[in-house]
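> everything below, folded, please.
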Amino acid sequence: MLFARTGLSGAQISSLFVLWSATTILLEVPSGLWADRFSRRRLVVWSPLVVAAGFATWTFAPSYPAFAAGFVLWGAGVAMRSGALEALVYEEMARLGAAGRYTRLVGRAEAVRTTAEMAATGAAALVLAAGGHTAVGVASVVVPVLGAAVGLTFPEHRTGREPSGGGFGALLREGLGEVRRVPAVRRTVLLVAVLSGVTALDEYLPLLAEATGVADATVPLLMLLVVAVTAVGGWLAGRGTRAAPAALAIAAALLAGGAFARSPAGFVPIAVAYAAFRWAIAAAEARLQDRLSDRTRATVTSLSGLGAELVGIAAFAGYALASRWAEPWLVFCLAAPVYLGVAAAMRR
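Numbering: from 1, shown residues only. Presented below is the predicted three-dimensional model:
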């Protein structure tokens, strides 16, 4: 809304989204290298501050150059956190002998994040009505700063160990070598990338809801249903993870069936499917952390994040291509078998 009211065209807004994704992709692996080479907690603290700076440019200097700079800063902040946060949390939990609780912890953190987003979305309407875009922008700056303060409370007993040969190049080779040499690591990196990346299709769920014929005002309610049930999936993460392949297969069937129903009622099985996807992603991410060495943990985790971004872009392109001749329900039905493939891979 802010972009449109500033006078940006649809093409300009789309270019900002592309810039956002490109920044995250370019900085994903370098940030992981930095986290492994120096301090992971430092990146966890800096990340929200960089994002806050991006939102500040939007709030106090709204224009296309400012929006572009803000998206670059936002993408950089996301990349800085990716890999570093997972590595920091897992390693500190392992130090305490609690690595087995990692899946449950990150799943619940994701559930809390999703719930907070729902609350923030509701609060945004009130803030927007009271103070306009400036008030929303100020709040968007303040909250990440508070997040940085929370990051300062994280413990870190690892301050970075120089790899043999020294430098970022040696560290990158070491991380890539771990992926190449250890089949279990390689398979799990791909598994996390595909499972996380394909789930990006949820961006098109509003179009699927709209295609059922409901009123425009009902679409957000259907989205709220999906988000709320997905949060339950995150809260249950860490329980029954051995059943993940079967759960993914069932979720694929629920996604296809719910889309095929072409009715608002179909969003009930779709919501359950996305809850299962969130639960399975937490299990796959934990499995990856279990198989990584501490020296290159953030680097390899960032490689999986890079893979997820690329898979997500492929999913967007696939939807754009398929939507030229297929209705949204059919596109989601065609996407569902991908999860069957992931289920088979996870079983192996």
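> Ala99: neighbour count?
For Ala99, the neighbour count with other C-beta atoms under 10 Å is 16. Using the backbone N, CA and C atoms, a C-beta is placed for each residue, glycine as well.
> ugh, wrong one, Val45
21.
> give me the nearest residue to it, chain neighbours excluded.
Gly151 (4.0 Å; C-beta to C-beta, 6 or more residues apart in numbering).
> in contact with the one you found, which residues?
Gly151 is in contact with 41, 44-45, 47-48, counting by C-beta atoms under 8 Å, 6 or more residues apart in numbering.
> could I get these as CSV with distance to Val182 and pLDDT?
CSV is the format used below for these (distance: C-beta to C-beta, whole Å; pLDDT from 0 to 100):
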residue, distance to Val182, pLDDT
Arg41, 27, 93
Val44, 27, 95
Val45, 31, 96
Ser47, 29, 96
Pro48, 33, 96
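> any idea which of these is closest to Val338?
Ser47 (30.3 Å; C-beta to C-beta).
> avg pLDDT for stretch 331-339?
Mean pLDDT, stretch 331-339: 92.
> repeat for stretch 212-223
85.
> hmm, who's touching it?
Contacts of stretch 212-223 (C-beta under 8 Å, 6+ apart): 205-206, 209-210, 262-264, 266-267.
> list buried residues within the residues you listed.
205-206, 209, 262, 264, 266-267 (16 or more other C-beta atoms under 10 Å).
> just give me the closest of these to Asp294.
Leu205 (38.3 Å).
> please report how far the closest one lies from Phe332.
8 Å (C-beta to C-beta, to the nearest Å).
> now the helix or strand containing Phe71: how far from the chain's centre is it?
In this assignment (DSSP states H and E), Phe71 forms part of helix 64-81. Centroid separation for helix 64-81 versus its chain: 16 Å, with C-alpha atoms, centre = their mean, to the nearest Å.
> elements contacting the helix or strand just after that helix?
The helix or strand immediately downstream of helix 64-81 is helix 84-95, counting by DSSP H and E. In this structure, helix 84-95 packs against helix 10-37, helix 40-60, helix 102-151, helix 267-290, helix 297-322, with contacts taken as 3 or more C-beta pairs under 8 Å, 6 or more residues apart in numbering; DSSP states H and E.
> after the third one, next one along is what?
Tracing the chain C-terminally past helix 102-151 and defining elements by DSSP H and E, one meets helix 167-181 next.
> and that following helix with helix 297-322, angle?
If you take axes from the mean of the first three to the mean of the last three C-alpha atoms, to 10 degrees, helix 167-181 sits at 70 degrees to helix 297-322.
> list the contacts of helix 167-181.
29-30, 32-34, 36-37, 163-164, 185-186, 189, 292-293, 295-296, 299-300, 303.
> do that again at 6 Å, thanks
Contacts to helix 167-181, defined as C-beta atoms under 6 Å, 6 or more residues apart in numbering, come from residues 33, 36-37, 163, 185-186, 189, 296, 299-300.
> now it: how far from the chain's centre is it?
That offset, for helix 167-181, works out to 24 Å (C-alpha atoms, centre = their mean).
> now swap in stretch 55-66 and tell me
24 Å.
> and Gly83, how far is that from Ile270?
Distance from Gly83 to Ile270, by C-beta to C-beta: 30 Å.
> who's more crowded, those two?
Set Gly83 next to Ile270 and count neighbours by other C-beta under 10 Å: Gly83 wins out with 29 against 26.
> in stretch 320-337, what counts as buried?
For stretch 320-337, a neighbour-count test (16+ other C-beta under 10 Å) marks 322, 328-329, 331-333, 335-336 as buried.
> also stretch 23-40?
23-25, 27-29, 31-37, 39-40.
> which one of those residues is nearest to Val143?
Thr24 (19.9 Å).
> list the contacts of that closest one.
Contacts of Thr24 (C-beta under 6 Å, 6+ apart): 75, 78-79, 309.
> closest one of the residues you listed to Ala125?
Nearest to Ala125 among the contacts of Thr24, with distances taken as C-beta to C-beta, is Val78, at 25.2 Å.
> state the distance from the closest residue to that closest one other than its chain neighbours to Gln289.
Leaving aside its sequence neighbours, Val78 sits nearest to Thr24 (C-beta to C-beta, 6+ apart; 5.3 Å). From Thr24 across to Gln289, the span is 21 Å (C-beta to C-beta).
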